[in-house]
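Peer 1: Got a sequence here, can you build the structure:
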Amino acid sequence: QVQLVESGGGLVQAGGSLRLSCAASGRTISNYVMAWFRQAPGKEREFVACIIWTGGPTYNADSVKGRFTISRDNAKNTVDLQMNSLKPEDTAVYFCAGKDISPSSIVQYRTGYSYWGRGTQVTVSS
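Peer 2: This next block holds a predicted model:
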């Protein structure tokens with residue numbers, strides 16, 4: 001199994017930027033679809049972005065398109081989320097997630113993740 005640990009969260013003003021990082025251990029992430037999710041207080045966890053493989057396709061939620069960028073470094077076993085132009089509604093706990101690559105897992109990129117980190121808090125003040 002792979003263990004995921006997020007870092008980089010914090011408090012930032014609206015319009016600012018943060019970079020989240022997810023460090024994986026136990027197994028290489030090269031065979032995993034990697035993603036970021038978030039959960040705001042009182043709301044369900046939602047998909048933010050995923051990356052299929054290094055240099056491969058990425059998918060973003062409509063709410064973060066043009067502002068967030070997901071990337072991965074298989075050599076370092078990390079996945080990052082660069083967040084720019086942050087808004088108060090981006091406030092949430094952000095989770096790193098992974099699942100095995102397969103044709104169905106690529107098509108169903110919003111669901112079916114097997115591995116999860118504990119999350120990192122992002123707070124955007126207005």
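
Peer 1: and the gap between the spatially most central residue of the chain and Ser126?
Peer 2: The centroid of the chain falls nearest to Trp36 when counting by CA atoms, centre = their mean (1.9 Å). According to CB to CB, to the nearest Å, Trp36 stands 23 Å off from Ser126. Yep, even glycine has a C-beta here, placed from its N, CA and C like the rest.

Peer 1: got it, and Pro103?
Peer 2: 43 Å.

Peer 1: same deal with Gly26?
Peer 2: Applying CB to CB to Gly26 and Ser126 gives a distance of 39 Å.

Peer 1: follow-up on the earlier one: for the residue nearest to the centre of the chain, helix, strand, or coil?
Peer 2: strand (DSSP: H, G, I helix; E, B strand; the rest coil).

Peer 1: pLDDT value on it, please?
Peer 2: Trp36 is assigned 98 on the pLDDT scale.
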